[in-house]
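*Asks:* Model the following, please.
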Amino acid sequence: MKVTLQVALDFVNADRAISIAKQAIEAGADWLEAGTPLIKSEGLDVIRRFKDEFPGHVIVADMKIMDTGSLETEIAAKAGANIVCVLGAADDSTIRESVKAARKYGAKIMVDLINVPDPIHRAAALEKLGVDFLCVHVGIDQQMRGKNPLDFLTRLASRTHVPLAVAGGVTSETAPGLIQAGASIIIVGGAITKAKDITRATRQMKKAMATKKAIPSDIQKKYDTAGLCEAFSQVSTPNISDAMHKHGAMHEIRSIVPGLRMAGPALTVETLNGDWAKPIEAIDKATKGTVLVISVHGGRTAVWGELATWSAKRKRLAGVVIDGAVRDIDDLHQIKFPIFAKHRVPNAGEPKGFGDIGGEIMCGGQIVRTGDWIIGDDSGVVVVPQEEAQEIANRALDVKEQENRIREEIKSGGSLGSVLKVKKWEKKVG
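*Replies:* Coordinates of the predicted model:
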């Protein structure tokens, strides 16, 4: 079959989905997918709306059927779906019933291999059961941890005659490689639906697919652990806090020099009120790009000032966070080095040498370990546990891209309330 662009509309709001679908269709999208969140939130009436709005276009219902294959395929097909998605992990009887119902009502079955333990073996069985398409799918949550579909796609393509779809963070950079690996259906979500210009993003995707040449994309990129500093530098602390379900923010720690940002792994310091020995020693121990995180338990006698700042800047540290006090504020504004602290005072203490470097500390109400990621801007400071850093960085980028899309819809005449339909999605109580 010819290479096909399927646009996945994973919204909870039908009006937003249809608005974006219109722009994508205008730019050459081939198939439209009512994503699982959209079907769950709006019901199968959204398929009927798609069929009315886009007559002649293939409509995919991502039902993710796991049981009652016949019934769920029937109701999706009757609503207007041309293709119905079933989970590969479903029992053979469910697949078989789905295929029979699809034939009865003039639809086709796409089987999603997401999280199937042995997908190569399962694909062979599914082919014998008569499915029409197989989908190599890396889920959104898996993408955040760096998983991609290419390796599995290459192995599967040589072992099946069923047309293959591929989904999972596909961009105009990665689509050509996926086609060369054997994909016939390129399923694209965020690279189109989160773009500031939907039409331009769709055309760019179609061009990349037609020429089989990668086109750089500024959206939907996923970072590995080597790119964490770059990733965290692109997002705000509110983006990160949202990605962490509102957790991670330090309390009462604020920027000393407005307009400066920092991101880097922590080197922790524990000291006593006014004792600036360990903070100074830590500068010499720290490596380039490190953020010193100093716990003074809220002490109001300075353990940091101008000379320490010059030392940290010359060492090319990323910044310093102090649950305590700093001084020499006028000089710090001139030096322009990221410093975040609880108090500003004129008085400093003495270097007595109490405390520790590198241990677990409490700073701004958050536990911090050496190696945890520390990000700061004018909104405050957040702590990202090192074992979650890759996932949180990618989720924060997703939050930012979602906000960028909403901003464009507001600029086009909407409001935050109307775009998100806030009233409809308020939690029901009582």
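
*Asks:* Can you name every helix or strand that the helix or strand where residue 282 lies contacts?
*Replies:* Using DSSP states H and E, residue 282 sits in helix 277-285. Applying 3 or more C-beta pairs under 8 Å, 6 or more residues apart in numbering; DSSP states H and E, we find helix 277-285 packed against strand 262-270, strand 291-295, helix 306-314, strand 356-357. C-beta coordinates here come from the backbone N, C-alpha and C atoms, glycine included.

*Asks:* can you map out the strands along the stretch 1-150 of the chain?
*Replies:* Ranges of strands in the stretch 1-150 of the chain, per DSSP state E, counting those that start in this stretch, are 4-9, 31-34, 58-65, 83-87, 108-112, 133-137.

*Asks:* Of those strands, give the one that comes closest to residue 193.
*Replies:* In terms of C-beta to C-beta, the element of those nearest to residue 193 is strand 4-9, at 6.5 Å.

*Asks:* Against which helices or strands is the closest one packed?
*Replies:* Under the contact definition 3+ C-beta pairs under 8 Å, 6+ apart, strand 4-9 sits against helix 14-26, strand 31-34, strand 185-188, helix 190-193, helix 198-211.

*Asks:* TSV for these, including distance to residue 131, mean pLDDT and mean neighbour count?
*Replies:* Shown next, in TSV, are the helices and strands packed on strand 4-9 (distance: least, C-beta to C-beta, whole Å; pLDDT from 0 to 100; neighbours: other C-beta atoms under 10 Å):
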stretch	distance to residue 131	mean pLDDT	mean neighbour count
helix 14-26	26	96	20
strand 31-34	17	98	27
strand 185-188	13	97	26
helix 190-193	26	96	26
helix 198-211	24	97	20
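
*Asks:* Break this structure into its domains for me.
*Replies:* Each domain of the chain is listed here as a residue range: 4-211, 226-390, per automatic domain parsing.

*Asks:* These: which one's closest to residue 420?
*Replies:* Taking C-beta to C-beta, domain 4-211 is the member of the domains of the chain nearest to residue 420, at 7.2 Å.

*Asks:* so how far is the longest helix along the chain from its chain's centroid?
*Replies:* Using DSSP state H to define each element, the chain has its longest helix at helix 389-411. With C-alpha atoms, centre = their mean, to the nearest Å as the basis, helix 389-411 stands 7 Å off its chain's centre.

*Asks:* hmm, back to that, and of the helices and strands packed on helix 277-285, who's closest to residue 246?
*Replies:* Closest to residue 246 of the helices and strands packed on helix 277-285 is strand 262-270 (C-beta to C-beta; 19.6 Å).

*Asks:* list the contacts for residue 26?
*Replies:* Residues in contact with residue 26 (C-beta atoms under 8 Å, 6 or more residues apart in numbering) are residue 199.

*Asks:* where's it relative to residue 20, distance?
*Replies:* Separation of residue 26 from residue 20 (C-beta to C-beta, to the nearest Å): 11 Å.

*Asks:* sorry, back to before: between the helices and strands packed on strand 4-9, which one is nearest to residue 234?
*Replies:* Residue 234 lies closest to helix 190-193 among the helices and strands packed on strand 4-9, at 15.3 Å (C-beta to C-beta).

*Asks:* who are the neighbours of the closest one, in terms of helices and strands?
*Replies:* Using 3+ C-beta pairs under 8 Å, 6+ apart: helix 190-193 touches strand 4-9, helix 14-26, helix 198-211, helix 389-411.

*Asks:* With distance to residue 296 as extra columns, can I get these in JSON lines?
*Replies:* Shown next, in JSON lines, are the helices and strands packed on helix 190-193 (distance: least, C-beta to C-beta, whole Å):
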{"stretch": "strand 4-9", "distance to residue 296": "50"}
{"stretch": "helix 14-26", "distance to residue 296": "48"}
{"stretch": "helix 198-211", "distance to residue 296": "49"}
{"stretch": "helix 389-411", "distance to residue 296": "26"}
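
*Asks:* out of these, nearest to residue 245?
*Replies:* helix 389-411 (9.8 Å).

*Asks:* In that closest one, which residues are buried?
*Replies:* Counting neighbours by 16 or more other C-beta atoms under 10 Å, one finds that the buried residues in helix 389-411 are 389-401, 405-406, 408-409.

*Asks:* Understood, closing this out.
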